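[1] just coords:
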């Protein structure tokens, strides 16, 4: 997505710099400044081994509204115990002193290698330069600076209407591996200039995340650092959105959904080694949990993912995944399967109309819909995933070394 | 394992032939004959999309004791609906007519590609030749003929004592992919000449499978065709083993455990693209389910498996897997981790004594123990798995094409 399409958000300024945390010759540290009027909601990883910065974000959000977000790439500051927590605190303290705000008004975020000490000195040394270079058009630089194994920055903007006025919403995200968010993607930061009441902001974020970042998987590995932050700077001056049924709040939710879904799809498209974007849709399930369970089982199956990588319509592997998804009373005679628009399985076995040529043509496309109907009810769920290629293994075998 | 170490089992004769089911220039069809005195127990896949032969095995075992096992490689006869069931029946019928036994006394087993029609004519045509070439020393030929992506046959023999007499037990197995047995491995056939009462045979098999085939995973994909069959021909003439506390029954259980564990380890060693045999042991868990859950989460993590492939002691990925394994009240301060004999994590963070050089040395070995202590209780579980290499992707991207 070109930088020209990215809308700045009044009340947000950003800066990025190269602090030399792990990478050489590229930015790896971002500071984001929020206007004092801002309200903020966040969804964080459910991994029990959550990183030190995630612990601090939880504490700080409970104490005050943030003024600064400090984000580094290259080091996750996870699995680092008490020293890791002290390191994250030291970074917040340095921002607070330089910017003249309180310690709790700074939120730290980290992404990168797990288990290595955070180079606090290098981060602290870079803070004055960050503070002096904050600017409203820094979104693209920020999106680039938070990348790890990502091959491209991920940015999305939308506008929406509140009482006849145009509001804007812009988000950035990163993530290409260890992606099976059980709360949010690796890191996503989304801001709007609309004024939104805190409760409404939280509700809108949870609803949007549930249908976007919490419905993607690259490798089934939920990260220790997942975080999605939504900021409403309120600079638009509209009466605060508070009732989800108001037209303004509905427009905001729609725009937020679109931004989250597009960022989530961008993350999957940029999945490590990925060559295909695959939508797994499970229909006619007894309930949504069951539909999600089957969809995730398909989306996590290494055999399905390697067949996708080879564009091989090896639909038996999809059936096998459906069969082992843990639905004990599944009647296989009721199961149907489509690849793209092609019906492959009817009544639990190969559809009479199916030909390998049709299946191969469907699989050859860069975007594919795998649709399974269980014949048990009317619930459905959809998961976005990608294929598993030799490149995934190469990237992850070489990530640290 | 050399053929010379394999003990024939009195009462069992085997034959293999090249029926041209899928492969060219190699055997792919096995017939196993059981003496009339034989007793038989089986453990079958829990995949809801179980294959047609599995359906028949369940039916036939409920009706009579088997005289013949017919096993083909190259075609799984799964996802084939009613025609698949008819095909499996036709094969049983052909054996029954040629051998002069009843239809229900024949058990069919299939392994290979899912969703393609079984070439019944080619199988039926090969049966007379199989019947005329049955012999007691056919175990190695049989083990070779049931291979699919396996790179080597898997055979194990043991002896044990019953009341001063020497009994023997021999087993063969196959499987290298779609391995996360939720009952048994892909295919395993084990026979003893001891006389064992049916209830005791079943109990011994379930106990052995639970600690061997049901504790391995290569890729988390439970097959549609998993089956493990245990035959006691009774030709030894010992008083039937019936009480699990008798010394003879205990010796039998120990020998059976050893055979199953060794065959299971052989399957993991021969995992598709595998370069390492990895034992994941989770200790100090509150209960066994929880220990298994954590062990499987580590063993299935693509990020852990790719790090293993690269011999990279990227222990942060192991912690991240522990953290997302679904134990909601896990206190990470209580978690410890060892790679081989090296303590890597103490108190939830890097152990003070740990060095990367030590970790790298532990990871470089072809067999590795990953040991995690959760600090919550005294239950434990152990899972055998292997690494995820580029070869796994290559093999599975090319399996059908």
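    Cool, the structure landed. As the structure is a computational prediction, the values presented were derived from the model and not from experiment.
[2] going by C-alpha atoms from here, please, whenever you check contacts or count neighbours.
    Will do.
[3] where does the stretch 151-300 of chain A have low pLDDT?
    Applying pLDDT under 70 to the stretch 151-300 of chain A picks out residues A:177-186, A:218-223.
[4] can you map out the strands along it?
    A:154-162, A:165-174, A:187-192, A:227-232, A:277-285 (DSSP state E, counting those that start in this stretch).
[5] what's in contact with stretch A:326-336?
    Residues outside stretch A:326-336 that contact it (CA atoms under 8 Å, 6 or more residues apart in numbering or on different chains) are A:290, A:293, A:323, A:343-349, A:372-376, B:48-49, B:81.
[6] residues from the stretch 201-350 of chain A in reach of chain B?
    A:219-224, A:301-303, A:306-310, A:312, A:314-317, A:319-324, A:327-333, A:347-350 (CA under 8 Å from any CA of the partner chain).
[7] any chance of the strands of the stretch 151-300 of chain A in JSON lines, plus mean neighbour count?
    As requested, the strands of the stretch 151-300 of chain A are exported to JSON lines (neighbours: other CA atoms under 10 Å in any protein chain shown):
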{"stretch": "strand A:154-162", "mean neighbour count": "21"}
{"stretch": "strand A:165-174", "mean neighbour count": "23"}
{"stretch": "strand A:187-192", "mean neighbour count": "25"}
{"stretch": "strand A:227-232", "mean neighbour count": "25"}
{"stretch": "strand A:277-285", "mean neighbour count": "23"}
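[8] okay if I get these as TSV plus distance to residue B:286?
    Formatted as TSV, these follow (distance: least, CA to CA, whole Å):
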stretch	distance to residue B:286
strand A:154-162	42
strand A:165-174	36
strand A:187-192	33
strand A:227-232	30
strand A:277-285	34
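[9] okay, now the domains of chain A?
    Domain assignment for chain A, taken from automatic domain parsing, gives A:3-269, A:277-397.
[10] for those domains, give me a markdown table that also has distance to residue B:195.
    Below are these laid out as a markdown table (distance: least, CA to CA, whole Å):
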| stretch | distance to residue B:195 |
| --- | --- |
| domain A:3-269 | 47 |
| domain A:277-397 | 35 |
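[11] all helices of chain A, in order?
    A:52-63, A:81-99, A:120-132, A:139-145, A:198-210, A:247-269, A:288-300, A:302-309, A:315-323, A:356-363, A:390-397 (DSSP state H).
[12] show me what the longest one is packed up against.
    Packed against helix A:247-269 by the contact rule (3 or more CA pairs under 8 Å, 6 or more residues apart in numbering or on different chains; DSSP states H and E) you find strand A:154-162, strand A:165-174, helix A:198-210, strand A:277-285, strand A:379-386.
[13] how near is residue A:294 to residue B:396?
    As judged by CA to CA, to the nearest Å, residue A:294 and residue B:396 stand 21 Å apart.
[14] quick one, which of these two is more surrounded?
    With neighbours defined as other CA atoms under 10 Å in any protein chain shown, residue A:294 and residue B:396 compare such that residue A:294 has more, 29 against 24.
[15] I'd guessed that one sits against residue A:318; true?
    No - the pair residue A:294 / residue A:318 is not scored as a contact, 10.1 Å apart, by CA atoms under 8 Å.
[16] and the closest residue in space to residue A:294 that isn't next to it in sequence, what does it touch?
    Leaving aside its sequence neighbours, residue A:294 sits nearest to residue A:325 (CA to CA, 6 or more residues apart in numbering or on different chains; 5.4 Å). By CA under 8 Å, 6+ apart, the contact list for residue A:325 reads A:293-294, A:297.
[17] got these as a markdown table, with distance to residue B:173 columns?
    Output for the contacts of residue A:325, formatted as a markdown table (distance: CA to CA, whole Å):
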| residue | distance to residue B:173 |
| --- | --- |
| A:293 | 31 |
| A:294 | 29 |
| A:297 | 26 |
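[18] of the residues you listed, closest to chain B?
    Among the contacts of residue A:325, residue A:297 lies closest to chain B (CA to the nearest CA), at 9.1 Å.
[19] what's around that closest one, how many residues?
    23.
[20] measure the closest residue to residue A:256 other than its chain neighbours to residue A:34 for me?
    Computed as CA to CA, 6+ apart, the closest residue to residue A:256 that is not its neighbour in sequence is residue A:208, at 6.6 Å. The spacing between residue A:208 and residue A:34, counted by CA to CA, is 22 Å.
[21] neighbour-wise, which of the two wins?
    For residue A:208 versus residue A:34, neighbours defined as other CA under 10 Å are more numerous around residue A:34 (24 against 21).
[22] what does the stretch 51-200 of chain A have sitting close to chain B?
    So the stretch 51-200 of chain A meets chain B at A:78-81, A:113-115, A:178 (CA under 8 Å from any CA).
[23] who's sitting farthest from the centroid in chain A?
    residue A:352 (40.3 Å; CA atoms, centre = their mean).
[24] ramachandran coordinates for that one?
    Main-chain torsions, residue A:352, degrees, to the nearest 10: phi -60, psi -30.
[25] quick check: it vs chain B, distance?
    For residue A:352, the distance to chain B equals 11 Å [CA to the nearest CA, to the nearest Å].
[26] test for you: state the pLDDT assigned to that residue.
    Residue A:352 is assigned 91 on the pLDDT scale.
[27] next one: residue A:401
    Looking at residue A:401, its pLDDT is 43.
[28] before we move on, what about residue A:99?
    97.
[29] check contacts around the closest residue to residue A:260 other than its chain neighbours.
    Distances taken as CA to CA, 6+ apart put residue A:212 closest to residue A:260, at 5.7 Å, once the chain neighbours are dropped. By CA under 8 Å, 6+ apart, the contact list for residue A:212 reads A:257, A:260-261, A:264.
[30] redo the residues you listed as a markdown table? Include neighbour count.
    Putting these into a markdown table (neighbours: other CA under 10 Å) gives the following:
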| residue | neighbour count |
| --- | --- |
| A:257 | 20 |
| A:260 | 30 |
| A:261 | 23 |
| A:264 | 28 |
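[31] picking that back up, how near is the residue nearest to residue A:256 to chain B?
    With CA to the nearest CA as the criterion, residue A:208 and chain B are 22 Å apart.
[32] next one: that residue from residue A:112, what distance?
    Relative to residue A:112, and taking CA to CA, residue A:208 is found at 25 Å.
[33] quick one, which of the residues of the stretch 201-350 of chain A next to chain B are buried?
    Neighbour-count burial within these applies to A:219-224, A:301-303, A:306-310, A:312, A:314-317, A:319-324, A:330-333, A:347-350; the criterion is 16 or more other CA atoms under 10 Å in any protein chain shown.
[34] any idea which of the contacts of residue A:325 is closest to residue A:121?
    residue A:297 (43.9 Å; CA to CA).
[35] residue A:306 against residue B:396, yeah?
    Yes - using CA under 8 Å, residue A:306 is in contact with residue B:396, at 5.9 Å.
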